[in-house]
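J.: let's see this in three dimensions:
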Amino acid sequence: MTIATWIVSGLLAAAYLLTGVMKLTRPVSALGEMMPYTKDLPPWMTRTIGALEVLGAIGLIVPWLTGIAPILTPIAAVALALLQLVALIFHVVRKEVQPGLAFNVVLFVAAVFIAVARFAGF
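T.: Just a heads-up that it's a prediction; the model follows:
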């Protein structure tokens, strides 16, 4: 179980780090091409979501790996699961049911898995 938890943690952290850094560093107009929903959000909200994703990615790995405040790892997983839940609701309300929505579901399930596993001590 420990190996599976680390693998899922690493993959999830990589996904959030990639998208978070992209939302923080790319011009908002360029993001609109890849992520059309960003056109309808204020730029500060897109940047805030990116910052939360980067912090969440760090929180999934660093506390548990270093043993410094390891309780932050499952808390970060819960926060990322909530972020995905809000994203799912946002996209469904906007009737944006597309293949990308499945990715949101996968990220949500992975975050819940990590939260449960880390709260259980794996």
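
J.: what's the burial count for the closest residue to residue 40 other than its chain neighbours?
T.: Leaving aside its sequence neighbours, residue 40 sits nearest to residue 94 (C-beta to C-beta, 6 or more residues apart in numbering; 8.0 Å). Yep, even glycine has a C-beta here, placed from its N, CA and C like the rest. Applying other C-beta atoms under 10 Å, we find 11 other residues in the vicinity of residue 94.

J.: residue 94 and residue 39 touch, don't they?
T.: No - at 11.6 Å, residue 94 does not count as touching residue 39 under the criterion of C-beta atoms under 8 Å.

J.: list the contacts for the nearest residue to residue 2 once chain neighbours are set aside?
T.: With C-beta to C-beta, 6+ apart as the measure, residue 122 is the residue that lies nearest to residue 2, at 5.2 Å, once sequence neighbours are left out. If you count contacts by C-beta atoms under 8 Å, 6 or more residues apart in numbering, residue 122 has them with 1, 2, 5.

J.: let's go with 10 Å and repeat that
T.: When contacts are counted by C-beta atoms under 10 Å, 6 or more residues apart in numbering, residue 122 touches 1, 2, 3, 4, 5, 6, 64, 114, 116.

J.: which of the helices and strands in the chain ranks last by mean pLDDT?
T.: Lowest on mean pLDDT, DSSP states H and E among the helices and strands of the chain sits helix 28-34, with a mean of 89.
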